[in-house]
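# sequence below, structure please.
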Amino acid sequence: MKLLAFATAFLTLATTSAFAECEVKGSSFIWGSDADVTMYMNKGETCGVGLVMRGSMVDSINIVSPAKNGGVGVVGLTAFGYRPKPGFVGTDAFKVRAIGSNNSSKGPIMFNVSVVVK
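Just a heads-up that it's a prediction; the model follows:
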């Protein structure tokens, strides 16, 4: 499992164990700001991102802008994932918004997700 870890006030992204074949990269994420995330995967695979909130409370998570070449789904308040259309190879993009807070920041995080399917 690949994990991008940051200080306790930050959001941590991890590929979920069911989707260990993909790679997820991003910068530090703070409530109330935008975050850029890139998913790398092979054709036919699915990639999921688990939101690990150290000391945080997630109020909601939803898809703001769907992908054009695949499907995006949300799992409760803990994860979102992407599955490309059959045979698709190339780049795609979507946006997911999470709203929450911790003791140092609050507000929405807009995940601007880029996808690279090989």
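# where does the protein dip in pLDDT?
1-20, 53 (pLDDT under 70).
# let's see that with 90 instead.
1-21, 26-31, 49-59, 75-79, 100-105 (pLDDT under 90).
# report the central residue of it.
The residue lying closest to the centre of the chain (Cα atoms, centre = their mean) is Val49, at 4.5 Å.
# show me what that residue is bridged to.
Thr15, Phe80 (DSSP bridges).
# isn't it right up against Gly81?
Yes - contact criterion Cβ atoms under 8 Å: Val49 and Gly81 qualify, at 6.8 Å. Where C-beta positions appear, they are placed from N, C-alpha and C, glycine not excepted.
# can you get me the start-to-end distance on stretch 41-58?
Using Cα to Cα, to the nearest Å, one end of stretch 41-58 lies 27 Å from the other.
# tell me the buried residues in that stretch?
The neighbour-count check on stretch 41-58 (16 or more other Cβ atoms under 10 Å) flags 41, 45-51, 53, 56, 58 as buried.
# these: which two are farthest apart?
Largest separation among those by Cβ to Cβ: Glu45 and Ser56, giving 28.8 Å.
# which residues does Asp34 contact?
Residues in contact with Asp34 (Cβ atoms under 8 Å, 6 or more residues apart in numbering) are 109-110, 112.
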